[in-house]
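Colleague: predicted structure and sequence below. I'll ask about it afterward.
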Amino acid sequence: MNDQVKNKRVEVGRVVSDKMTNTVTVLVERRVKHPLYGKVIKRTAKYHAHVEAGTEAAEGDLVQIEECRPISKTKTWRVIQVLEKVVAV
């Protein structure tokens, strides 16, 4: 067996959809510097993340996700914790 633990990627993003069962869509935004012009621009990526029974993530919540083994065809991330709940108005 391999004694080394692989470092799992951890990202923070906002839930944009919670219509699926046990799955949320998380929008992760990162800021990168343009290689030629030096302007800071936003890059976004959407990930499908698995939500376990104890973690309730609703649309608009800020969540922390980590990379895991493939759960389905498009789902390779798991919600670790909800950092900020959305305020209902």
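Modeller: Right, received. Where do you want to start?

Colleague: ends of stretch 34-41, what's the gap?
Modeller: Across its full length, stretch 34-41 reaches 7 Å between end residues, using CA to CA, to the nearest Å.

Colleague: show me what counts as buried in it.
Modeller: When neighbours are counted by 16 or more other CB atoms under 10 Å, no buried residue of stretch 34-41 is found. Any C-beta I mention is one placed from the backbone N, CA and C, and that applies to glycine too.

Colleague: residues making contact with it?
Modeller: Residues external to stretch 34-41 that are found in contact with it (CB atoms under 8 Å, 6 or more residues apart in numbering): 31-33.

Colleague: from the chain's centre, how far out does it sit?
Modeller: A distance of 25 Å separates the centroid of the chain from that of stretch 34-41, by CA atoms, centre = their mean, to the nearest Å.

Colleague: what of stretch 45-61?
Modeller: On the basis of CA atoms, centre = their mean, stretch 45-61 is displaced by 8 Å from the centre of the chain it belongs to.

Colleague: ok, residues contacting it?
Modeller: 11, 13-18, 20, 22-28, 30, 63, 65, 68, 71-72, 74-86.

Colleague: are any of these buried, and which?
Modeller: When those are checked for burial by 16+ other CB under 10 Å, the buried set is 11, 13-15, 18, 23-26, 28, 63, 65, 75, 77-80, 82.

Colleague: among the contacts of stretch 34-41, which ones are in strands?
Modeller: Among the contacts of stretch 34-41, DSSP state E puts 31-33 in strands.
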